[in-house]
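J.: no FASTA, just this:
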C-alpha cells in the first residue's frame, strides 16, 4: 500500500480564533505584511511584525509545524547574512568594520542583510500561519466571491491537490526504473523517466475531464457553492484594521525615505565578525552535507 | 413493456484520426431498471459503447457517428454531456482519476454546484448520497486518503447526487481488492433492485455478472455478437472460448462433464448453487 | 529425495524476522515476517490492500530496506546492495506498464534492462529476439511503447524484465485490467519460467489465476504472514478465507460442497473436478487429454 505523500505545508485542522477568521480578512493581512515589509527598511518594524505573526502561532495551535516549516530559513538566512556582509546590496561607500584575512567585512552590509531577512521572515511566518489555519477550499470559495473565474479557481485547487499524487507517481516510476537496473541518479539519468510521468498525467487529465464534464462542469448556468464562507462583522474589523495599519505605516515609511535605521544602529566590529563566521559556517556546512548526501545516494 | 430508456439504431462510430470503426452497426434496446453486463476483450468497443450513452461520444470526442442513440428519448448527439449527466452517471476503472476535491462532501457537491442546486438542498442531498453508498460520516475525509473501494463508491456517489436514471460503470473494480469489489457490486445491485436504477457494467468478472445481471451483451471487434440472458449467453461455452472470453467456472465444469464424459444433459449452471445441487444429485444417484 | 541441506545452493529468498516501519509517521507496514523460498518455486502472495504484500516484495529487490531483520536473496544481503545491483537477480514487473516504459521503441525498451546489468551486445540481441518471439511482439518492435494497445504494452513491460533473465521474478497484480486472453499469455509465461528454473512470485487478487499456476500461497493480513500452504489447503480453509475476506475460485467452492466431504480433491480447475466426478460415477473420458491436464 502506498503511503500518501504529505506536503510539508498543509492546513492543520482546528477551531481556534485564527482558524475562524474569514480567509479574505487573513489574506488582507498577508498582502499587507508583504507590502509593508517591502516599503520599509526599519528593522524594528520588520522584526516586530515577525514577532507579532509568530505570537499568532500558539494561539492557532500551529507552533510545531510552523517551526518545522521555518527550518527553510536556516540556509536562506545564513547565506543572506554571509553574502551581505562581504558584498552589500546597497550603494557604496561601504564602511569596513572588520576583516577576515584579506576579506573586508562591512557593517552596512549586515544591516541590509537583517532588513532582507526580516522581510522574508515576517512575510513567511504570516503566510504560513494563514495557510496552516485556512481550509484551501474556503480560500478558493472566497476567491470565487472576488469573481476569480471558476475554471482558474478550480485549476488552482486541483494543482494543490495533485502535488502529493505526482510525488507518489514519480516515486513509483523511479522505483520501476531502478528495478530495471537504471544507472546514475543525476538529472540526465532520471529525465527519461519523466515520459511515464507525463503520459500518466495526460491520461489522468483526459479521464478527469470526461468525469467532470459528466458532472456538469463547464455549464453556463448559475453555480452554487457548498462551502459557505461567512463574513461576520469581526472579520470586517480584522480586515479593515489590517489594511489601515499597513496603509499608515507604509505611507509614513515611504515619506521618510525607507525609514532605515542604518545610521542610528552601528554594529560593533566584533558583532559583524562573529555573525559572519557563524552564518558562513552554517551555510558552508549545509552545502557540504548536501553534496555528501547526493554522493551517498 | 415500457419504452426503452436507451436505444441504439444502427450505430457506427469511428474515432477522430482512425480508420477502423470502434463500433459497427450497433442496434440495441435497454429497458428501464435492467442490469446489463457488457463483455468483450480489451479494444472490443465496450468503453466506446458506454461513452455513447452519456454523449461523450460524439459530442466531446468528435469522430464520426452514424445512426442514432436515444437516451431517455433524447438524441445524445444533440445535447451537451452536462445535460446528459442529469440522466446518465458514468464511473471509470480508476477511481483516483475521478477525484478532484479536498473532501468527500465537496466531491459529491461538484455536480450539484454546477447544476446550481441551492445550498440548503445540497446540505440534505450530500449526506444522503454518501449514506446511500455506505460512506455516511465521510464528509470531511480527503478523497485521496480513502481505500480504492471507498474511492470508487465516492465516484459513484458523485454521479448519483445528480439523480440520474442510468448508472454506467466501466470496469469499476479492476483496480480494487476483493473487499473493494464486493462493496461496489453489492451497492450497484442495491441501487438496481431497490431504486430501479438502470445499471450497465463493463466487466471481466463473469462469475459476478452471472449472479447479478439481467442481460449480457458480448462485443467483439466493435460488433454485438451475443445478446441475451446470462443463462443463454454463459451456456454457449464453446463460442465464448473461441472469443477468448472467460465463462463462469461452473459452466466450464458442466461443459467438460458433458462433452468429455457424457455426464451433463440439462441446463448449464452459471452460478455455484445449481452446479452444486446437480453434481450432488449425480453423485447421490450413484451412491443410492 | 536429495537432502537440501547437503547442497551449497542458497535459498532464492530467505527472510528472517523482517520488519518495515515507514520513516515518517511510525506506520508499521510489515511486522516481523519470516519467509523461505527455494530456487525454482512458484508462489502466490494474497491478502487485501494494506496487508503488507507490496512492502514484502519490495524488500526482495532492495526497493525497501528492512527496518530490522534480514533479507537474503540468492545468498546476497539485499539490505546492503542497491536496487540496481539487485536488478541482476530480481526482476520486478510493476502492475501498471505505464510506470515502467519510456524508451522510443519497443526494441529499445527490451534492450534497456539487459544493457544496464552488463549483458554483452550479442547476448542482448539473443535475449530480445527470444522475448519478441515468446510474446509475439514481431509486429510492434519498431513502435513507440505508448502507441501500442494496453494489453500489448503490458506484455512489453513483462518482456522487458524477462529479457534480463533474473533468477527471481516478481509479478505485481499481473492480470489487473487485462482480459482473459492476455491473462492466459501471462499464465503460460509463468509456467514456462518455472520450468526453466526461475523462481516466480505472483502478488495477486486473481484467485483463478493463482489456482492455475502457483504451488504455494502466502496469505497476509495486517502486515503479517498468517498462512503459508498449498493453494488447495488455503482455499479449503474456510475460516482463513473468511478472515481475510478472500474467495476461493468458483470451481473450488463447488468441489468443497460436493466431492470434498467424500474424500475428493479440493479441485483447482474444472477439468480436475470433472475427472473426479466422472471416476466416482464410473465414467471414462472420451479423449485422453483432459485427464492428462489434471495430473499437473
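T.: Yep, that arrived. Bear in mind that the values here come from a model prediction, so they are computed numbers and not experimental data. Residues are numbered from 1 along each chain as shown, chains lettered A, B, ... in the order given.

J.: from residue B:222, how far out is residue B:87?
T.: According to Cβ to Cβ, to the nearest Å, residue B:87 stands 25 Å off from residue B:222. C-beta here means a position set from N, CA and C on the backbone, and glycine is covered the same way.

J.: and for residue A:86?
T.: Taken as Cβ to Cβ, the span from residue A:86 to residue B:222 is 73 Å.

J.: name the helices or strands packed onto the strand or helix carrying residue B:130?
T.: Per DSSP states H and E: residue B:130 is located in helix B:119-132. Where contact means 3 or more Cβ pairs under 8 Å, 6 or more residues apart in numbering or on different chains; DSSP states H and E, helix B:119-132 is packed against helix B:104-114, helix B:148-160.

J.: quick one: average pLDDT of the first one?
T.: Meaning helix B:104-114. When pLDDT is averaged over helix B:104-114, the result is 93.

J.: also stretch B:258-266?
T.: In this model, stretch B:258-266 has a mean pLDDT of 91.

J.: which parts of the stretch 151-288 of chain B sit against chain C?
T.: Counting by Cβ under 8 Å from any Cβ of the partner chain, the residues of the stretch 151-288 of chain B close to chain C are B:171, B:174-175, B:177-180, B:182, B:204, B:207, B:244-246, B:248-250, B:252-253, B:255-257, B:259-263, B:272, B:275-276, B:279-280, B:282-283, B:285-286.

J.: among those residues, name the ones in helices.
T.: Those of those mapping onto helices are B:178-180, B:182, B:207, B:249-250, B:252-253, B:255-257, B:259-261, B:272, B:275-276, B:279-280, B:282-283, B:285-286, per DSSP state H.

J.: residue A:50 versus residue A:34, what's the distance?
T.: Residue A:34 sits 13 Å away from residue A:50, going by Cβ to Cβ.

J.: wait, residue A:144 sits on residue A:154?
T.: No. Taking contacts as Cβ atoms under 8 Å, residue A:144 lies outside contact range of residue A:154: 9.5 Å.

J.: now do the helices in the stretch 1-150 of chain C.
T.: Taking DSSP state H, counting those that start in this stretch as the test, the helices found in the stretch 1-150 of chain C are C:53-60, C:83-86, C:106-116, C:121-135, C:150-162.

J.: these: which one's closest to chain A?
T.: For the helices of the stretch 1-150 of chain C, proximity to chain A was assessed by Cβ to the nearest Cβ; helix C:106-116 is nearest, at 3.2 Å.

J.: near chain A, anything from the closest one?
T.: Yes. With Cβ under 8 Å from any Cβ as the criterion, chain A is reached by helix C:106-116 at C:112, C:113, C:116.

J.: hmm, the second one is touching residue C:165, no?
T.: No. With the criterion set as Cβ under 8 Å, residue C:113 and residue C:165 do not qualify as a contacting pair; they are 9.4 Å apart.

J.: who's more crowded, the two?
T.: With neighbours defined as other Cβ atoms under 10 Å in any protein chain shown, residue C:113 and residue C:165 compare such that residue C:113 has more, 28 against 20.

J.: and the residue nearest the centre of chain B, helix, strand or coil?
T.: Centroid-nearest residue in chain B, with Cα atoms, centre = their mean: residue B:201, separated by 1.0 Å. At residue B:201 the chain is in strand, as set by DSSP: H, G, I helix; E, B strand; the rest coil.
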